[in-house]
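In: next one to model:
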Amino acid sequence: MTVTKDDNLDKVLASAGSLDKTVIITIVNKAYVDGHGMTMLDLFLDAFHRRGLRELMDRLVIAAVDETSHRRCRYLRGLHCYKMKMDGQDFTGEKVYMSEDFIEMMWRRTVFLGDVLKRGYTILFTDTDVLWLRNPFPHLTQNHTIDLQVSTDNFNGDEWSESNPINTGFYMVRPSNRTAALFDSWHSMKDTSGGLKEQDVLNHLRRRRLFAKLGLTVRFLNTLYFSGFCEDSTNASAVTTVHANCCRRIAAKMADLSQAGRDFRRYDGLSPAAKLRFKWSNHSACMNSWS
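Out: From the prediction side, this is the model:
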């Protein structure tokens, strides 16, 4: 992947990353912004109005893959909005997990993020179906020798163990020749992957020891702090994000993320003794989304 000339992207990134060239990026399409009542984007942005997260809005770039989602971003005002170039492909509707369009959109995401990385920006990428509960940066090491910090579906207890299964819905990557080479190697596998999604290809490269070959230092994020529906955090006083992974449909993700938000607010109001007995609600909508 080479860096493409894009003055609009440069302008948006410069505005969002003006402090230290660190940006938070999420990617949306029409299915995440359109509909009656609250949308997935609304749910995502609502979390940033909490105390401790408001200042992070200045770093947030919302990359839209279609005109509807781009217009919605601009309508909300105060956001850094960018319209991705999709070469005529239509990514407006819901992209069901592992459908052909879903896989293609995930690869387009990889190309775009690699382009931002090569512009010298540190990226904290977050799927829009990640509910932010607290500022995650205190749990992301600021050590510049760490190239990639990536979430896991199931954490094995060792943040340096490459046997942790990667989830690319939330990760922080720093710009360097090493990480640029990673994104190049990653994307080069697309046409020979046999239709695998980008996350599966990255996990394949992990098993083939590509991280070590490139000299990358990779930290795998503990689900205690960066949880998901695949594996709930066991400590609600520490958790920073909840990802609607292990879930197939947008409606199911929204239902269970909304419940996780209610659980978190309920936890805040509990007595110290009651907090010790706290449990997250079952992710029943997502469980049913597979049937």
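
In: in which helix or strand does residue 105 reside?
Out: Using DSSP states H and E, residue 105 sits within helix 100-117.

In: all helices for the stretch 51-200 of the chain, in order.
Out: Secondary structure of the stretch 51-200 of the chain by DSSP state H, counting those that start in this stretch: the helices cover 67-76, 100-117, 177-188, 198-207.

In: so which of the ones you listed comes closest to residue 270?
Out: Nearest to residue 270 among these is helix 67-76 (33.2 Å), distances taken as C-beta to C-beta. For glycine as for every other residue, the C-beta is placed from the backbone atoms N, C-alpha and C.

In: helix or strand with the lowest mean pLDDT in the protein?
Out: Least confident helix or strand of the chain, by mean pLDDT, DSSP states H and E, is helix 100-117 with a mean of 82.

In: give the buried residues for that helix.
Out: 101, 103-117 (16 or more other C-beta atoms under 10 Å).

In: cool, and stretch 28-42?
Out: By neighbour count with 16+ other C-beta under 10 Å, stretch 28-42 contains the buried residues 28-34, 39-41.

In: just stretch 181-199 next, same as before
Out: Across stretch 181-199, burial judged by 16+ other C-beta under 10 Å covers 182-183, 186-187, 189-190, 196-199.

In: spell out for me which residue occupies the centre of the protein.
Out: Nearest to the mean C-alpha position of the chain, by C-alpha atoms, centre = their mean, lies residue 126 at 2.1 Å.

In: my read: that one touches residue 25, true?
Out: Yes: using C-beta atoms under 8 Å, residue 126 is in contact with residue 25, at 7.4 Å.

In: can you redo the helices of the stretch 51-200 of the chain as CSV with distance to residue 251?
Out: Output for the helices of the stretch 51-200 of the chain, formatted as CSV (distance: least, C-beta to C-beta, whole Å):
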stretch, distance to residue 251
helix 67-76, 18
helix 100-117, 16
helix 177-188, 31
helix 198-207, 22
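
In: contacting residues for the closest residue to residue 186 other than its chain neighbours?
Out: Spatial nearest neighbour of residue 186, chain neighbours left out: residue 202 (5.8 Å); criterion: C-beta to C-beta, 6 or more residues apart in numbering. When contacts are counted by C-beta atoms under 8 Å, 6 or more residues apart in numbering, residue 202 touches 166, 168, 186.

In: of all those, which comes closest to residue 234?
Out: residue 166 (20.9 Å).

In: burial measure for that closest one, as a count.
Out: Residue 166: 21 surrounding residues under other C-beta atoms under 10 Å.

In: that one reaches residue 203, doesn't it?
Out: Yes: counting by C-beta under 8 Å, residue 166 does reach residue 203; the two are 5.2 Å apart.

In: so where's the stretch 151-291 of the chain shaky on pLDDT?
Out: Within the stretch 151-291 of the chain, the ranges that satisfy pLDDT under 70 run 191, 193-195.
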